[in-house]
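**Q** no sequence on this one, just coordinates:
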């Protein structure tokens with residue numbers, strides 16, 4: 001593998017790897033190490049059918065099956081997101097994937113199948129860098145606090161109707177109740193700390209009054225989006241992005257309507 005850094009905070013392009021071919025155990029271990037170091041890896045000019053993407057993702061762990069988005073037929077755990085002339089993409093938020101479960105997924109593997117001629121970039125931000133940019137006083141203040149992450153915040157009942165899903169929102173909410181996570185996540189091996197709240201799923205901070213919680217979360221939501229913590233990728237067809245959900249957030253720019261954009265995601269449990 002050849003690795004070229006994309007920004008000081010995070011991100012790298014990896015070349016000389018064919019993700020469609022069976023990878024040796026040492027190559028999987030090398031990718032794990034690169035993900036740990038760079039948080040986001042980009043692979044260009046790849047050709048991955050849904051089943052190949054599933055098989056690759058499963059080398060890193062069990063795939064998460066999303067309770068809302070239907071999977072790609074014949075490739076369990078692979079979800080396709082398509083927007084454009086038929087359905088305009090909504091304005092996105094900075095978020096980590098699936099933080100509304102007790103043990104959130106570790107990695108996401110996204111394949112660019114259909115890319116608009118202009119727009120549709122993705123940004124990632126390092127939550128390590130965001131935490132380390134806080135003052136020591138703020139770091140101490142939020143240590144030990146927990147916040148609720150709720151599936152229904154980003155998936156209200158009207159969203160079910162928009163996608164034409166024949167399922168009861170109440171049943172999905174009951175199967176995915178809100179969960180609490182620490183505001184600050186600590187790496188189990190290195191001890192490095194990262195902010196762990198996001199505007200898609202985090203609703204409030206436990207133990208604070210509503211105005212206090214809203215003020216603190218509002219500050220953190222704005223803080224994590226600082227450009228110094230970010231890398232931005234301009235997609236081409238066949239690009240693959242592989243990132244760590246525990247220590248990053250991402251933002252898919254919705255600026256390409258009415259052009260079409262179709263990407264496929266595998267979400268991998270730790």
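**A** Alright, I've got the coordinates. This one's a predicted model, so the numbers in the text were calculated from it and none came from an experiment.
**Q** distance of residue 22 from residue 15?
**A** As judged by Cβ to Cβ, to the nearest Å, residue 22 and residue 15 stand 19 Å apart. (Glycine included, C-beta is placed from N, CA and C.)
**Q** Then residue 133?
**A** Using Cβ to Cβ, residue 133 is found at 31 Å from residue 15.
**Q** the more surrounded of the two?
**A** More crowded of residue 133 and residue 15, by other Cβ atoms under 10 Å: residue 133, with 16 against 12.
**Q** how about the more buried one, what does it touch?
**A** Going by Cβ atoms under 8 Å, 6 or more residues apart in numbering, residue 133 touches 223, 226, 228, 229.
**Q** give me the number of residues near the last one?
**A** Number of residues near residue 229 (other Cβ under 10 Å) recorded here: 26.
**Q** Quick check: it touching residue 9?
**A** Yes - using Cβ atoms under 8 Å, residue 229 makes contact with residue 9 at a distance of 5.2 Å.
**Q** which residues do the two both contact?
**A** Common contacts of residue 229 and residue 9 (Cβ under 8 Å, 6+ apart): 125, 126, 129.
**Q** re the thing from before, now the two most distant members of the contacts of residue 133.
**A** Farthest apart among the contacts of residue 133 by Cβ to Cβ are 223 and 228. That separation is 10.7 Å.
**Q** Compare the two (neighbour count), which wins?
**A** Set residue 223 next to residue 228 and count neighbours by other Cβ under 10 Å: residue 223 wins out with 16 against 12.
**Q** does that one really touch residue 134, like I thought?
**A** Yes - counting by Cβ under 8 Å, residue 134 is a contact partner of residue 223 at 7.4 Å.
**Q** Just name whatever secondary elements the helix or strand bottoming out on mean pLDDT in the chain is in contact with.
**A** For the chain, using mean pLDDT, DSSP states H and E, the weakest element among its helices and strands is helix 157-162, scoring a mean of 78. In terms of contacts (3 or more Cβ pairs under 8 Å, 6 or more residues apart in numbering; DSSP states H and E), helix 157-162 is packed against helix 169-175.
**Q** continuing past the helix it packs on, what's the next helix or strand?
**A** Tracing the chain past helix 169-175, the next element assigned as helix or strand by DSSP states H and E is strand 179-182.
**Q** tell me which residues in that next one are buried?
**A** Across strand 179-182, burial judged by 16 or more other Cβ atoms under 10 Å covers 179, 181, 182.
**Q** Tell me the strands beside that strand, with direction?
**A** Looking at strand 179-182 with DSSP bridges, its partner strands are strand 146-149 (antiparallel).
**Q** contacting residues around the next helix or strand after the strand it pairs with?
**A** Going down the chain from strand 146-149, the next helix or strand is helix 151-154, by DSSP H and E. The contact list for helix 151-154 (Cβ under 8 Å, 6+ apart) reads 67, 93, 95, 100, 169, 172-173, 176, 178, 200-203.
**Q** filter the residues you listed to the buried ones?
**A** The neighbour-count test (16+ other Cβ under 10 Å) marks 67, 93, 95, 100, 169, 172, 173, 176, 178, 200, 201, 202 as buried among those.
**Q** Between those residues, which sits nearest residue 233?
**A** Nearest to residue 233 out of the buried ones among the contacts of helix 151-154 is residue 95 (Cβ to Cβ; 16.6 Å).
**Q** From residue 221, how far out is the closest residue to the closest one other than its chain neighbours?
**A** Computed as Cβ to Cβ, 6 or more residues apart in numbering, the closest residue to residue 95 that is not its neighbour in sequence is residue 200, at 3.6 Å. Distance, residue 200 to residue 221, using Cβ to Cβ: 10 Å.
**Q** Thanks again, I'm all set now.
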